[in-house]
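Colleague: what's the 3D shape of this:
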Amino acid sequence: MSDQHAQGHRIDEGMEVTLHFTLRLEDGTEVDSTRDKAPATFQLGDGNLPPGFEQPLKGMGAGESGSFEITPEHGFGQHNPQNIQMLKREEFDSDTPEVGMVMSFADAAGGELPGVIKSVDDEQVEVDFNHPLAGRTLTFEVEVIDVKPATTH
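Modeller: Residues are numbered from 1 along each chain as shown. The predicted structure follows:
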């Protein structure tokens with residue numbers, strides 16, 4: 001195979017990429033996928049994907065696909081026990097927290113922080129603010145549809 005047919009662009013900084021992806025856990029469970037909806041379009045380096053997900057895509061072109069293993073340090077970080085916090089039950093006015101529920105909390109900067117309810121009793125609610133995929137090794141399957149220079153407005 002010669003490279004002459006590859007006149008298309010390759011994925012690199014400043015490129016706009018359109019692709020389908022599927023994200024799976026170690027056991028093959030699907031976490032997220034664009035397969036049943038529109039493909040994802042993003043600009044490399046714009047923060048839509050963690051850098052660890054962008055790295056293996058570099059050099060790929062339209063029509064190529066691949067499957068990459070993303071370790072926690074390149075994905076969503078390690079699970080940090082300090083991100084688990086006890087909140088007072090009375091802080092949850094009308095919302096009844098249930099174990100396994102994901103709720104939004106305000107962080108110090110006024111942004112929103114999702115937390116997963118770990119346990120609930122009469123006094124306290126235990127909330128895990130780790131990313132749900134923290135500490136997981138993920139399989140990132142991609143099919144590149146289009147690569148073109150990003151237009152800057």
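Colleague: Give me the helices and strands touching the longest strand seen in the chain, please.
Modeller: Of all segments of type strand in the chain, defined using DSSP state E, the longest is strand 138-149. When contacts are defined as 3 or more Cβ pairs under 8 Å, 6 or more residues apart in numbering; DSSP states H and E, strand 138-149 packs onto strand 15-24, strand 65-70. All C-beta atoms are positioned from the backbone trio N, CA, C, and that covers glycine.
Colleague: Most tightly packed of those strands?
Modeller: Among the helices and strands packed on strand 138-149, ranked by average contacts under mean count of other Cβ atoms under 10 Å, first place goes to strand 15-24 (a mean of 19).
Colleague: ok, and what's touching the helix or strand hosting residue 118?
Modeller: Using DSSP states H and E, residue 118 sits in strand 112-120. Counting by Cβ atoms under 8 Å, 6 or more residues apart in numbering, strand 112-120 makes contact with 84-85, 89, 97-107, 125-130, 132, all of which sit outside it.
Colleague: and with 7 Å instead?
Modeller: In this structure, residues lying in contact with strand 112-120 by Cβ atoms under 7 Å, 6 or more residues apart in numbering are 84, 97-107, 125-129, 132.
Colleague: Drop anything exposed from those.
Modeller: Among these, those scoring as buried are 84, 97, 125, 126, 127, 128, 129 (criterion: 16 or more other Cβ atoms under 10 Å).
Colleague: Contacts only, for the fifth one.
Modeller: Neighbour list for residue 127: 85, 87, 115, 116, 117, 118 [criterion: Cβ under 7 Å, 6+ apart].
Colleague: Can you tell me which of the residues you listed comes closest to residue 72?
Modeller: Taking Cβ to Cβ as the measure, residue 116 is the one of these closest to residue 72, at 16.9 Å.
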